[in-house]
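[1] Got a predicted structure plus its sequence, pasted below:
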Amino acid sequence: MNKNDFFQEVEHSPVPWRQYQLHVPLFYQDIRFMSILVLVPTEKIKSMLPSKRLKPYRITPWHGVMSITCYEYRESDLNPYNEVAIGFPVTIDEETPIFTGSLRRMPANPMAYIHQIPVTTEIAREVGAELAGYPKFIAGIEFSEKEHWLACALRADDQLILKLSGRMLDLKALPRYRVNPLTQRQGYILRSEFVISEAEMGESKNGEDVRLELGEHPIAKVLKGLDLGKVLGYQYCPHAEGILTPVFESFAI
């Protein structure tokens, strides 16, 4: 697929917003990301969710998962910025079968309730928070490379929240896929869609390929309180394109 073929024939409408001229949906022309799924007791996840309608994935009879994804948006409609999304994969109203993600396949179009999503620029914070209810705040998010490892360090208030490090794995073809971020605002759960282009990605279930360090920031202490288990999976993608839609569906809490 040639560069920018992913965006062809997708209506990209200008929308005045404050002193800016936005385009909807948002285009992300160059993304690098790394992501992990971590085992978490189901009851701990439920305590983090705003509605009983949200059902954590049942990885085991007693566990769901938390996702941490570090994004480096090197080119986008909102200019370059970095982001860390911390969320909980869920379904709405109907529970997944037990052993989803191990003996049973994950849902084709996964949904994740967004718990925290710090960013590095004010426009990214404002647009996400005001247009879709994303719980964004400004933080320091730095990527670094060393000896075939990629690291992302998230800091706020002069304290480390987390540092995710992963091996830059061998790549294989990745088909196009979709993720549905869920947020909340004024008594409603909001659903958007983030479409990721065909790309090349490395995947691993080997714990030696990834490291997660939690700091002493209050957000880190909340994560520590979830009794995190093993890392179930790790993904590394050096380049992809993306399209983020506005909110297109809501559910009463």
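    Yep, that arrived.
[2] At which residues are the helices of the stretch 51-200 of the chain located?
    Secondary structure of the stretch 51-200 of the chain (DSSP state H, counting those that start in this stretch): helices located at 122-132.
[3] Sketch out the low-pLDDT regions of it for me.
    In the prediction, the stretch 51-200 of the chain carries residues with pLDDT under 70 at positions 101-104.
[4] show me where it has strands.
    In the stretch 51-200 of the chain, the segments counted as strands under DSSP state E, counting those that start in this stretch are 54-56, 63-76, 81-92, 111-116, 140-146, 149-156, 159-167, 172-174, 177-185, 188-191, 194-196, 199-204.
[5] now the ones you listed in CSV, with mean neighbour count?
    Every residue, glycine included, has its C-beta placed from N, CA and C. Putting the strands of the stretch 51-200 of the chain into CSV (neighbours: other C-beta atoms under 10 Å) gives the following:
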stretch, mean neighbour count
strand 54-56, 22
strand 63-76, 21
strand 81-92, 22
strand 111-116, 21
strand 140-146, 13
strand 149-156, 20
strand 159-167, 19
strand 172-174, 11
strand 177-185, 19
strand 188-191, 20
strand 194-196, 19
strand 199-204, 18
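[6] Let me have the ones you listed in TSV, extended by distance to Ala124.
    Compiled in TSV, the strands of the stretch 51-200 of the chain are given as follows (distance: least, C-beta to C-beta, whole Å):
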stretch	distance to Ala124
strand 54-56	25
strand 63-76	8
strand 81-92	5
strand 111-116	14
strand 140-146	11
strand 149-156	15
strand 159-167	17
strand 172-174	25
strand 177-185	14
strand 188-191	18
strand 194-196	14
strand 199-204	22
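[7] Just tell me which of those ends up closest to Cys237.
    Closest to Cys237 of these, according to C-beta to C-beta: strand 199-204, at 4.3 Å.
[8] Output the contacting helices and strands for the following helix or strand past that closest one.
    Past strand 199-204, heading to the C-terminal end, the next element that is a helix or strand (DSSP states H and E) is strand 210-214. Counting contacts by 3 or more C-beta pairs under 8 Å, 6 or more residues apart in numbering; DSSP states H and E, the secondary-structure elements packed against strand 210-214 are strand 26-41, strand 159-167, helix 218-224, strand 231-244.
[9] Understood, closing this out.
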